[in-house]
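1. coordinates for the following, if possible.
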Amino acid sequence: MVNERGRSLCLCLRLALSAVVGIGLAAVTPFQSAAQQGSDAPATDRLNVFLECGGRGCDLGFYQDQIAWVNWVSDPTDADVQASLAAAALPGGGREFQIDFAVTDIEGGDDRLFYRSSSDDTFQEEIEGIATILSIGFARYATLVGFRQFVAVRSLETIGIDADERVVDAQEVDDPWNLWVFTVGGSGRFSGSQTRKSERLNANFSARRTTPTWKMSFVGAGSILKRDIERSDGSILSTDERDWRFNVGVTYTLAEHWSVDLSSLSSKPHPRFNQNFRGDLTPGIEFSIFPYQEATRRAVTLRYTVAFTYRNYEEITIFGKLEEAVWEEELRLRATMRQSWGEASASINTSHVLGAFDKHNVALVGGFSFRVVRGLRFNASGNISWVTDQLYVSSRGVSDEEALLRLRTRRSTFNKGLNFGFSYQFGSIFNNTVNNRFGGR
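-> Model (predicted):
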């Protein structure tokens with residue numbers, strides 16, 4: 001997961017600085033300069049840093065408050081060090097946070113550190129761990145570029161931590177669950193007014209096991225939605241929408257860039273899909289141009305699957321079927337990238353019924369967020385698809401009420417969507433002060 005240089009750095013930093021997380025031999029402590037004690041003006045003798053993040057773990061205000069011995073700047077072009085935070089879910093329920101550090105003035109100075117949270121960590125515990133790793137990374141660069149006055153190393157004994165405390169090796173762990181992780185959940189929602197009321201119940205469960213070689217999952221879910229809506233003439237439109245599904249998936253690692261998969265689906269889809277029952281059995285193979293370990297930063301994958309699908313319909317379809325079994329093949333090319341300049345993703349999915357190329361689905365999906373120039377960001381996302389494989393559409397047609405409430409699907413051969421926007425920021429480059437009064441406005 002980490003190259004040898006990165007592993008060595010992580011180990012050295014753990015041994016030298018990780019008393020903050022309670023596992024090493026020494027501690028790093030920031031000195032408080034006079035510029036930090038009550039002055040509104042930004043200090044000019046501190047390391048300038050910029051953090052790019054989004055989603056889980058991105059609490060910029062907390063990091064600014066906890067790591068006050070650096071200058072937080074609002075544009076990466078003003079930073080001595082640029083840090084980029086990405087997160088990936090772990091099979092045990094926690095997350096792995098990857099922090100990439102980039103510098104322009106030191107050749108070979110770019111680096112990568114990791115922090116892993118456990119499944120029972122609160123959000124506060126997660127961001128405290130991330131703040132620790134950010135501090136370790138910034139402290140290293142502070143010493144490299146000459147800001148040594150802000151960092152001190154002290155032994156664990158001086159701060160009352162037992163030096164015998166250490167990380168437990170994986171082979172020392174007795175896991176009675178053998179890496180299996182189970183979840184069970186449910187929810188309900190009841191709402192109403194004089195002319196409308198609804199009741200919704202949801203339930204779900206899952207069992208997952210992940211190793212470097214195998215990935216297995218068993219996932220089930222179901223929902224019930226009942227609605228009573230008063231029409232303008234006083235009559236009541238009642239709906240009862242029920243669906244359930246059960247998925248099984250097994251993935252095997254063939255090599256660094258190859259994997260194979262076998263999945264199955266049993267379901268009673270939502271009524272709008274006109275099916276009493278659907279069953280799929282889908283083998284597939286996937287090739288990744290980059291090693292899978294780099295997927296949090298960049299990934300280009302090509303996936304091919306062939307599915308055997310059985311459907312039993314509620315009403316006769318536009319193709320005159322009450323049930324049918326077909327083979328469908330799909331090819332998907334997907335690329336994602338997350339860098340200091342922004343992030344982008346694009347995919348093309350093509351599928352069709354074997355022996356019937358006129359029943360196909362071609363979809364293009366993409367989006368990006370890009371820093372054009374200093375302070376100016378542009379983002380856009382869109383999708384377009386050509387669909388002729390809606391085998392389930394009912395032959396009797398769809399009423400306006402069913403279409404508006406999404407109780408039945410109308411046949412469509414073309415779908416599209418586009419979203420875009422921009423933002424421009426200017427003013428002070430410093431972003432150090434946190435003020436939580438009136439909700440941090």
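
2. going forward, measure contacts and count neighbours with C-alpha atoms only.
-> Fine.

3. ok, residue 372 touching residue 378?
-> Yes - using Cα atoms under 8 Å, residue 372 makes contact with residue 378 at a distance of 6.9 Å.

4. which one's more surrounded, these two?
-> Neighbour count, other Cα atoms under 10 Å: between residue 372 and residue 378, residue 378 has more, with 16 against 12.

5. bridged to that one, which residues?
-> Taking DSSP bridges as the rule, residue 378 bridges to residue 370, residue 422.

6. residue 362 too?
-> Assessed by DSSP bridges, residue 362 has beta-bridge partners residue 350, residue 386.

7. dump the residue contacts of it.
-> Going by Cα atoms under 8 Å, 6 or more residues apart in numbering, residue 362 touches 348, 349, 350, 351, 385, 386, 387.

8. equivalent analysis for residue 354, please.
-> Per Cα under 8 Å, 6+ apart, neighbours of residue 354: 326, 327, 328, 329.

9. assign a three-state SS to residue 226, would you?
-> Following DSSP: H, G, I helix; E, B strand; the rest coil, the label given to residue 226 is strand.

10. what's the neighbour count on it?
-> Per other Cα under 10 Å, the neighbour tally for residue 226 reads 15.

11. what's the answer for the one 10 residues further on, then?
-> Using other Cα under 10 Å as the criterion, residue 236 is surrounded by 14 other residues.

12. for it, grab phi and psi.
-> Backbone torsions of residue 236, given as degrees, to the nearest 10, read phi -110, psi 130.

13. could you verify my assumption that it touches residue 229?
-> Yes - Residue 236 sits in contact with residue 229 when judged by Cα under 8 Å, with a separation of 5.6 Å.

14. just the helices in the stretch 301-441 of the chain please.
-> Using DSSP state H, counting those that start in this stretch, the helices of the stretch 301-441 of the chain run over 400-404.

15. shaky segments in the stretch 251-400 of the chain?
-> Residues of the stretch 251-400 of the chain meeting the criterion pLDDT under 70: 296, 340.

16. run the last query once more with 80
-> Counting by pLDDT under 80, the stretch 251-400 of the chain contains low-confidence ranges at 293-297, 338-342, 371, 373-375.

17. strands of that one, start to end?
-> 258-268, 275-288, 298-313, 323-339, 342-353, 356-373, 376-387 (DSSP state E, counting those that start in this stretch).

18. of those, which is nearest residue 210?
-> With respect to residue 210, and counting by Cα to Cα, the nearest of these is strand 258-268 at 13.6 Å.

19. contact partners of that closest one?
-> For strand 258-268, the surrounding residues in contact (Cα under 8 Å, 6+ apart) are 242-254, 275-288.

20. got a quick PyMOL command for the buried subset of the residues you listed?
-> Applying 16 or more other Cα atoms under 10 Å to these, the buried members can be selected in PyMOL as follows:
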select buried, resi 242+243+244+245+246+247+248+249+250+251+252+253+275+276+277+278+279+280+281+282+283+284+285+286+287+288
